[in-house]
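Asks: Give me a model of this one.
(2 chains)
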There are 2 protein chains.
Amino acid sequence: MTRLNRLIPASIWLKDYTRADMQTDMMASIIVTIMLIPQSLAYAMLAGLPPAVGLYASILPLIAYALFGSSRTLAVGPVAVVSMMTGTAALQFAAPNTAEYLTVVILLAAISGLFLLLMGLFKLGFLANLLSHPVISGFISASAILIALGQAKHILGIQASGHNLIEMLETMWYNLFTTNLITVCIGLGAIVALYLLRQYLKHILRTFGLSYHQAQLASKAGPVLVVVIATLIVAVLQLNKAGVKIVGDVPSGFPPLALPSMDLHLALDLLPAAVLISIVGFVESVSVAQSFAAKRRQSIDPNQELIGLGAANLSSAFSGGFPVTGGFSRSVVSFDAGAKTPMTGVFTAILILLTLSFLTGAFYYLPKAVLAATIIVAVLQLIDIKGLIEIWRYSKQDASALLATFLVVLLVGVEAGIITGVSLSLLLFLWHASHPHIAVVGRVAGTEHFRNVERFQVETTNDLLTIRIDESLFFANARVLEDRITQLIAKNKEVKDVVLMCTAVNMIDASALESLEMICERLHSAGIRLHLSEVKGPVMDRLKGSTLISHLSGNIYLTQNQAFEDICSKEE
Amino acid sequence: MTRLNRLIPASIWLKDYTRADMQTDMMASIIVTIMLIPQSLAYAMLAGLPPAVGLYASILPLIAYALFGSSRTLAVGPVAVVSMMTGTAALQFAAPNTAEYLTVVILLAAISGLFLLLMGLFKLGFLANLLSHPVISGFISASAILIALGQAKHILGIQASGHNLIEMLETMWYNLFTTNLITVCIGLGAIVALYLLRQYLKHILRTFGLSYHQAQLASKAGPVLVVVIATLIVAVLQLNKAGVKIVGDVPSGFPPLALPSMDLHLALDLLPAAVLISIVGFVESVSVAQSFAAKRRQSIDPNQELIGLGAANLSSAFSGGFPVTGGFSRSVVSFDAGAKTPMTGVFTAILILLTLSFLTGAFYYLPKAVLAATIIVAVLQLIDIKGLIEIWRYSKQDASALLATFLVVLLVGVEAGIITGVSLSLLLFLWHASHPHIAVVGRVAGTEHFRNVERFQVETTNDLLTIRIDESLFFANARVLEDRITQLIAKNKEVKDVVLMCTAVNMIDASALESLEMICERLHSAGIRLHLSEVKGPVMDRLKGSTLISHLSGNIYLTQNQAFEDICSKEE
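Replies: Now for the predicted structure:
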């Protein structure tokens, strides 16, 4: 790997790029574009933005990711959850459909891009691990409900807004009397049509003689079909004059290239939201990218992914777009359509640019209710009740983290929910780590094996207490060991030697080291010696220079059996 | 243990209480009281309170702890660090020496007591583990500097205040011209005297024929000697008329029994500070209690300690006092003086009550500079440079957490410092856990042992990849395993079977379970089977009902050797 290869992964695949690759990539890009156009319009609406911004966010970011990303198949662009988070965050600083709102959103994309880039450069991808699976699952399910409910206003043709379930239901309730019946018919019709097409289009296409693979791919165009038919109906019947909200004029031409706002104060205010958007987007994206990489035995580099997504978001900000990330549904289609390289993204970007230049007039009569319907149908699949049941069966603790995240996102808001979930995960882990399994062990007669005295018939002596701890020793459990040893020697008054058996100790941090010194000193003041046995190589290497070893009242034994025999023989 | 014994540990030792115990406890209480009087006056001053409040906090809390605490020797009352934290917190809500300030401080004690009590009842003592040794060490050292500097104003006889080093130095600089020279002489004289007495009083007393033990105990009265002499000098020369600040009138009589303020809004504002004060106090107290318990082979129960300290703080609040906890120096003296039971605390409380009733006039001419000197000499010992060097040698990461806490406490403030330290500890731990040791292993020829292929000459086959992970699997490293396996199978194109060797896996949480399912599915789609080997009993118990086991493409082997032989024989 040359330096160029590391910096721009595209340089690796570009030099072997063939005409055949180009053909399949082009085919795939046409299918992806057909999916992407209605999605980008819808997700822009979801983020409270004019439709054109969705298209802006689907050009330069795709090219930037193609250059810097490490996945060969990930389709980057606007996605539902990140668009909703963007809308929720921006609403706190400006009113939708104003110039300030757009400024805020573009700045969000810029900060998010910068943050991802820095995380990648400093190899901080591990921070994303803070979001455990249960937290993500609870967050996505609750977000899906919030998104669907947020779009219900477009189906009803009424005004509604809010950061959580209660606020949303409240504003919807007050505006319910303004419901537009034609809009409702179009919206519900679109939802039903989308569900039916998803279920049956594949089968119908197969009866027309398409192969299974072709039918599956073509069925992804279902939403486009619904959009086209609905647009035609509205245009022909001029339903916009009957109160049906339509997309209207979309400015055609190149995206506006400009620097994002340099308002440092606003940037600082947006930072927490941008960090959350970045991490949620990254986690989703990486997991999609990994699935496809494994299928083709390719590998992805999480830190390079951060750089790729960072570049995508920065270029989105510079071209008037909003935060983007790698999406699942378009990646599936791209992969199934045979996309070989990220060049598919470049071709898609060109097609979107052409659409923006020549086809924006076609969106004029597109009813917003239909876009809302496509969003609702897409996000309702994300609600994962089966996952919750499985996690509940496996671990009540993890399930409680999931439910807490779900409820707080739903009832309070996205940021509070994620913070609750992450804190709870950490606390539960800490609880777990601070309740390690500590066993008093003795020797199985006639062997060199040592086992828990409570479970096995083993040899022990009154003078010698051997304790095995089944966990690494670090700050979360350092004091627990102090407690337990204090209790054990208080119970066993005859003990003169304590052996700590370290078979399961992979690490000892400075807190645990100090606790061990403390234990040693306390035991010493009670006339008891402390020994260690079976200390692992790397742990021993670090201990060597420490004061614990120089102050240790007892010995360090390679094996527990040596400790047992040596101490027993001395005592007799 | 009866229910009463569990609820009120005092019921255990009270029923065996003898006349002999009473004599030693009484003797010890006299010595502790002699130490406690100047300390409680000084720490009240440190918290920005009238001297009497220090005495109030040294009566009921001692009795409450004697009833509910689990340590036999812990001396509870005002301590330096907690007093400083109290002062820092209260300053944000009221000006010192006002009625509002006292209201805030009493409320702090009440919330702190309630919080400790709830932590104890819900057995949440493990939360204190969040404060790692390096964080506590950095915090204490920085606090000691802030306290000493904060008291320097009394030595100089000037006005100064602030939450951090910069603010303090700034205000002191501006007021430096108001320095009172006589006060400086008294203050510096007291500091020198205290140092000399600490160094030599023991030796001097021994030349007067006292035993080593007696001399050591009596030397603890050094500060009282300085206080008495300084008071006499000021009284005789009437130095208060020359600008030397004195304690002045201390209201005599019983502490005022009253309910703390019920201002819910204020209480919520004080909550974060109260939580920090509680946890810091608890951690310090528990570690002191444990040292002494171990020496006498007694044991303490951290959750009962929470209840004891909670009761102490609540009763402090109800009697006009401020937050208290178990202190190191008085516990040492109490222990050395032969205190047998918590009855020592009860006797001390009675003696303080007598002092408050009849002796407050003796404090009139006590110069504040001398109280400041006792504080400075006491806290400067807490600065732990040797500890820092040891931690630095042992682990750069832990040392960086210490230094970060130290600097942020010093330059920004106590709360920001502790939050920084705790966050950094958690992040460092997370970094550690998300970089687990993962080794590809092979069989040592002629044995059943499997070792790292990079370190040992071992047998492997091209079709079979065996991976050993030396860490429990949970959210912090779940995705790391996904990454590594994706990379490894991308590198080894011939692999048909992957075995995950789980010897060091003590736990698998829901995140890791989902990652394993994901890995299994991805490997399956690449035509590779996933097997597990050497899964520990408790881990296997939980896995049994999970979807991982029902969807696993390969087998679960008891030993790695079985896995190796079975898979190799099938492949041949």
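
Asks: Going by C-alpha atoms from here, please, whenever you check contacts or count neighbours.
Replies: Noted.

Asks: the strands in chain A, which residues?
Replies: Along chain A, the segments classed as strands by DSSP state E run A:75-77, A:325-327, A:438-443, A:450-452, A:464-469, A:497-501, A:529-533, A:556-557.

Asks: now the shortest one, how far from the centre of its chain.
Replies: The chain centroid and the centroid of strand A:556-557 are separated by 45 Å under Cα atoms, centre = their mean, to the nearest Å.

Asks: What mean pLDDT does that strand get?
Replies: Mean pLDDT, strand A:556-557: 92.

Asks: Name the strands paired with that strand and say parallel or antiparallel.
Replies: Using DSSP bridges, the strands paired with strand A:556-557 are strand A:529-533 (parallel).

Asks: Go ahead and name everything in contact with the partner strand.
Replies: Residues outside strand A:529-533 that contact it (Cα atoms under 8 Å, 6 or more residues apart in numbering or on different chains): A:496-503, A:520, A:523-524, A:552-560, A:563.

Asks: tell me the domain boundaries of chain A?
Replies: Domain ranges of chain A: A:20-403, A:438-571, per automatic domain parsing.

Asks: Find the one among those with the highest mean neighbour count.
Replies: domain A:20-403 (a mean of 21; mean count of other Cα atoms under 10 Å in any protein chain shown).

Asks: near chain B at all, it?
Replies: Yes - with Cα under 8 Å from any Cα of the partner chain as the criterion, chain B is reached by domain A:20-403 at A:126-127, A:129-134, A:290-291, A:293-302, A:390-391, A:393-395, A:398.

Asks: In helices, which of those fall?
Replies: A:133-134, A:290-291, A:293-295, A:302, A:390-391, A:393-394, A:398 (DSSP state H).

Asks: could I get the residues you listed as CSV with pLDDT?
Replies: Shown next, in CSV, are these (pLDDT from 0 to 100):
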residue, pLDDT
A:His133, 87
A:Pro134, 90
A:Gln290, 82
A:Ser291, 81
A:Ala293, 82
A:Ala294, 77
A:Lys295, 79
A:Pro302, 87
A:Glu390, 88
A:Ile391, 90
A:Arg393, 89
A:Tyr394, 90
A:Asp398, 91
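
Asks: want to try TSV for the domains of chain A, with distance to B:Val539 as columns?
Replies: Shown next, in TSV, are these (distance: least, Cα to Cα, whole Å):
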stretch	distance to B:Val539
domain A:20-403	11
domain A:438-571	13
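
Asks: ok, the residue lying closest to A:Ala235 once chain neighbours are set aside - contacts?
Replies: Of all residues not flanking A:Ala235 in the chain, A:Tyr365 sits nearest, at 5.5 Å (Cα to Cα, 6 or more residues apart in numbering or on different chains). For A:Tyr365, the contacting residues are A:Thr231, A:Leu232, A:Val234, A:Ala235, A:Asn240, A:Ile246, A:Val247, A:Gly248, by Cα under 8 Å, 6+ apart.

Asks: Run a quick neighbour tally on A:Thr18.
Replies: 10 (other Cα atoms under 10 Å in any protein chain shown).

Asks: So what's the predicted local confidence for it?
Replies: 90.

Asks: Ok, the one 10 residues further on next?
Replies: Among the per-residue scores, A:Ala28 holds a pLDDT of 91.

Asks: still on that earlier bit, A:Tyr212 is nearest to which of the strands of chain A?
Replies: strand A:75-77 (23.1 Å; Cα to Cα).

Asks: List of residues touching the closest one?
Replies: In contact with strand A:75-77 (Cα under 8 Å, 6+ apart) are residues A:40, A:57-58, A:61-62, A:65, A:324-328, A:330-331, A:334, A:345.

Asks: now, the most widely separated pair of these?
Replies: Maximum distance among the contacts of strand A:75-77 (Cα to Cα): 18.2 Å, for A:Ala57 and A:Ser334.

Asks: got a list of what A:Val535 touches?
Replies: Taking Cα under 8 Å, 6+ apart, we find A:Val535 in contact with A:Met501, A:Cys502, A:Thr503, A:Val505, A:Leu558.

Asks: typo on my end, A:Gly48
Replies: Contacts of A:Gly48 by Cα under 8 Å, 6+ apart are A:Gly87, A:Pro96, A:Asn97.

Asks: How about A:Ala404?
Replies: A:Gly138, A:Gly417, A:Thr420, A:Gly421.

Asks: Ok, A:Gly442 next?
Replies: A:Phe450, A:Arg451, A:Asn452, A:Val453, A:Val458, A:Glu459, A:Thr460, A:Thr466.

Asks: any idea how far stretch A:365-372 is from the chain center?
Replies: 30 Å.

Asks: CA atoms of that stretch as PDB?
Replies: Presented in PDB, the C-alpha positions along stretch A:365-372 are these (Å, rounded to 0.1, in the frame of the first residue of the first chain):
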ATOM      1  CA  TYR A 365     -47.200  18.300  -9.500                       C
ATOM      2  CA  LEU A 366     -45.700  15.700  -7.200                       C
ATOM      3  CA  PRO A 367     -48.000  15.600  -4.100                       C
ATOM      4  CA  LYS A 368     -46.200  15.900  -0.800                       C
ATOM      5  CA  ALA A 369     -48.600  13.300   0.600                       C
ATOM      6  CA  VAL A 370     -47.000  10.700  -1.700                       C
ATOM      7  CA  LEU A 371     -43.500  11.500  -0.600                       C
ATOM      8  CA  ALA A 372     -44.700  11.200   3.000                       C
END
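
Asks: what about A:Ser58, distance to B:Thr447?
Replies: The gap separating A:Ser58 from B:Thr447 is 59 Å, by Cα to Cα, to the nearest Å.

Asks: same thing with A:Leu121?
Replies: Noted for A:Leu121: a distance of 45 Å to B:Thr447, by Cα to Cα.

Asks: which residues of the stretch 51-200 of chain A score low on pLDDT?
Replies: The stretch 51-200 of chain A contains no residues with pLDDT under 70.

Asks: Helices of that one, start to end?
Replies: A:51-56, A:60-68, A:80-91, A:99-121, A:133-156, A:165-175, A:181-207 (DSSP state H, counting those that start in this stretch).

Asks: what's the angle from the third one to helix A:99-121?
Replies: This points to helix A:80-91. Using axes from the mean of the first three to the mean of the last three Cα atoms, to 10 degrees, one finds that helix A:80-91 and helix A:99-121 are set 130 degrees apart in direction.

Asks: Show residues contacting helix A:80-91.
Replies: So helix A:80-91 is contacted by A:43-44, A:46-48, A:101, A:104-105, A:108, A:140, A:143-144, A:147, A:163, A:270, A:273, A:277, A:280-281, A:322-325, A:375, A:379, A:414 (Cα under 8 Å, 6+ apart).

Asks: go on, the first one?
Replies: If you take Cα under 8 Å, 6+ apart as the criterion, helix A:51-56 is touched by A:37, A:40-45, A:78, A:247, A:250-251, A:255, A:316, A:319-322, A:352, A:356.

Asks: when you check these against the helices, which ones overlap?
Replies: Among the contacts of helix A:51-56, the residues falling in helices (DSSP H) are A:Ile37, A:Ser40, A:Leu41, A:Ala42, A:Tyr43, A:Ala44, A:Met45, A:Ser316, A:Ile352, A:Leu356.
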